[in-house]
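[1] Give me a model of this one.
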Amino acid sequence: MKAKKAMIRVLKTPEDEIVIDSTGKKNGRGAYICPSLECLRKAIRSKGLERSLKVSIPKELIEALEKEMVKLESDRKEGI
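    Presented below is the predicted three-dimensional model:
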């Protein structure tokens, strides 16, 4: 268990889009994961993300989420 502020929120919007909500303030059903690509992959592999968001996640969307997480990781390392 970690503090919410130390986590990244993956969100299913009212329009049924799956996005990473780095602000934690967007509307929709959310699931929290640690801010690393490995945590995202583990959540996808175990289907935990799909259970939490109550939606099937297509492969293309998984790839887009992974790219976005890589960008967030690099931004955090650079202090942005």
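[2] Mind checking the pLDDT average for stretch 40-52?
    Here the mean pLDDT over stretch 40-52 is 92, rounded to a whole number.
[3] Excluding covalently adjacent residues, which one is nearest to the one residue sitting closest to the centre of the chain?
    Within the chain, one residue has its C-alpha closest to the average C-alpha position: by Cα atoms, centre = their mean, that is Val10, at 3.2 Å. The spatially closest residue to Val10, leaving aside those adjacent along the chain, is Ala31, at 5.0 Å (Cβ to Cβ, 6 or more residues apart in numbering). From N, CA and C alone the C-beta is placed, and that goes for glycine too.
[4] Please apply the same query to Ser56.
    Leaving aside its sequence neighbours, Ser56 is closest to Glu50 (6.0 Å, by Cβ to Cβ, 6+ apart).
[5] What is the distance between the helix or strand hosting the one you found and the centre of its chain?
    Secondary-structure element containing Glu50, defined by DSSP states H and E: helix 48-53. The gap between the average C-alpha position of helix 48-53 and the chain average comes to 11 Å, counting by Cα atoms, centre = their mean, to the nearest Å.
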